[in-house]
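> Structure for this input, please:
(one chain, ligands or ions: 2)
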Amino acid sequence: MTHTEWPFHPAINVPRVIAHRGYSTRAPENTLAAVRAAHQAGVRWVELDVQLLGDATPVIWHDRDVKRCSNGSGALAGLDWPRARRLDAGSWFSAAWQGEPMARLDEMLALLNALGMGLNLELKINRGHDPLALARRVIPEVLAALPPERLIVSSFNHEALTRARAIAPPQALALGLLAKRLPRAWQRQCAAVNAFSVHLDWRYVSPARLAALHRAQYRVFCYTANDPQAFSPCWRWGVNGVISDDPAAFLPPG
Ligand code: G3P
Ligand code: MG
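Residues are numbered from 1 along each chain as shown. Ligands and ions are numbered 1, 2, ... in the order given. Below is the predicted model of the structure:
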């Protein structure tokens, strides 16, 4: 079966530049401040990671614990929202961001709507985390908040994608298969979740793989590239977009 025979995806016009964890070289990653910084720089889509706290509150956070990106310690799963809210998730980045809080998913969605921005939401399944619980808690909330044209949900975790697809059909939710290198079984894996896109580490893409993905009508986004010159062959090979910590470096001048 080819992609064209499948149900249509939302009419998503993804820009070529997506800010990784918000504008994460200008503001603390995955915070409201990082999304505002991306918007200020003229970037219209952001990639953000979502996980659950121990009390099942969905929050925008990358790591399994809070050590690297806050003044606290311990696993995310060991925190409830009142305790997580008290963390300073800005000072580790710079004194200018002291007191920037961890963002709850609903706060982030409200900001994205206020700014009219698009979201590539990564269902982040760290060790010991439950893909079903994350998908069930997050997907309905995101679908209720954002129009399908401004949303792609991606994950390295195949079960998370499968669970997400069981909640929403292809016309209602674009899914992205996330992998470092294109997996050998990519056709089967993409078909199983009716993927819209494939998200790959930019260092492992090749013209042949890109051509195969495009023949199958998948969009291809590459993470996490921060050097436009080194990345330039990827544009020639037809990559649809870059996910960057320094997205303004990839925007056209002016
Ligand atoms: O979605 C692309 C990228 O965010 C995947 O890796 O570890 O930065 O979440 P990571
Ligand atoms: Mg991510």
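
> Mind jotting down where the helices sit in the stretch 51-200 of the chain?
81-85, 105-115, 131-145, 158-167, 186-193 (DSSP state H, counting those that start in this stretch).

> Contacts for the third one, please.
In this case it means helix 131-145. Under the criterion CB atoms under 8 Å, 6 or more residues apart in numbering, residues 50-52, 56, 58, 105-106, 109-110, 112-113, 119, 121, 123, 125, 151, 153, 155, 157, 159-160, 163-164, 167-168, 172-173 lie in contact with helix 131-145. No exception for glycine: its C-beta is placed from N, CA and C like everyone else's.

> just the strands in this protein please.
With DSSP state E, the ranges of strands along the chain come out as 17-20, 45-52, 58-60, 103-104, 118-123, 151-155, 174-179, 197-201, 219-223, 241-244.

> Arrange these in CSV, one row each, with mean neighbour count as further columns.
Shown next, in CSV, are the strands of the chain (neighbours: other CB atoms under 10 Å):
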stretch, mean neighbour count
strand 17-20, 27
strand 45-52, 25
strand 58-60, 25
strand 103-104, 22
strand 118-123, 25
strand 151-155, 27
strand 174-179, 24
strand 197-201, 23
strand 219-223, 23
strand 241-244, 24
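
> Distance to Phe231 and mean pLDDT added to those strands, as CSV?
CSV is the format used below for the strands of the chain (distance: least, CB to CB, whole Å; pLDDT from 0 to 100):
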stretch, distance to Phe231, mean pLDDT
strand 17-20, 11, 98
strand 45-52, 16, 99
strand 58-60, 26, 99
strand 103-104, 28, 98
strand 118-123, 17, 98
strand 151-155, 19, 98
strand 174-179, 18, 98
strand 197-201, 12, 98
strand 219-223, 8, 98
strand 241-244, 6, 98
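
> so which of these comes closest to Ala11?
For the strands of the chain, proximity to Ala11 was assessed by CB to CB; strand 174-179 is nearest, at 10.0 Å.

> For the residue in the chain positioned nearest to ligand 1, which non-adjacent residue is closest in space?
For the chain and ligand 1, the shortest gap (CB to the nearest ligand atom) falls at Tyr223, measuring 3.7 Å. Excluding the flanking residues, the one nearest Tyr223 by CB to CB, 6 or more residues apart in numbering is Ile243, at 4.0 Å.
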